[in-house]
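S.K.: predicted model and sequence follow; I will ask about them next.
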Amino acid sequence: MAVTRDDVAHIAGLARLAISDERMTELVGQLNAILAHMEVLRQVDTRHVEMTAQDGSQRLPMRPDAGPPIAMHRALDEIAPDMRDGFFLVPRLATHEDVSDAS
């Protein structure tokens, strides 16, 4: 698969970029060189190479979240006077609709 001038012009149009003819020729050459290099890499036999990165199906080992308590300079009720179940309660943003008005 090769990149053409039309491909680059189309993408430049979508991005609303003005590209000169000289730059267009340069970009087509660079993109085709990248694709050619990807084709070379695709042909490398990696069947016997041990995986060094995770593909997302494995998770990192978790450690317990333990440690000494963090010393607070002020009491929590001084920082946020409204709390429920250990969480800070904050006022609803003016841009959000009021739940009581939703009916």
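M.R.: Nice, thanks for sending it over. Quantities reported herein were computed from a predicted structural model and do not represent experimental measurements.

S.K.: what comes into contact with the one helix or strand residue 22 maps to?
M.R.: Residue 22 is part of helix 21-42, with elements assigned from DSSP states H and E. Helix 21-42 is contacted from outside by 1-5, 7-9, 12, 19, using CB atoms under 8 Å, 6 or more residues apart in numbering. Every residue, glycine included, has its C-beta placed from N, CA and C.

S.K.: what's the following helix or strand after it?
M.R.: Next in sequence after helix 21-42, counting helices and strands by DSSP H and E, comes helix 76-79.

S.K.: chain center to the helix or strand just after that following helix: distance?
M.R.: Next in sequence after helix 76-79, counting helices and strands by DSSP H and E, comes strand 83-84. Offset of strand 83-84 from its chain centre (CA atoms, centre = their mean, to the nearest Å): 33 Å.

S.K.: strands paired with the helix or strand following strand 83-84, and their directions?
M.R.: Going down the chain from strand 83-84, the next helix or strand is strand 87-88, by DSSP H and E. Its sheet considered, strand 87-88 pairs with strand 83-84 (antiparallel) by DSSP bridges.
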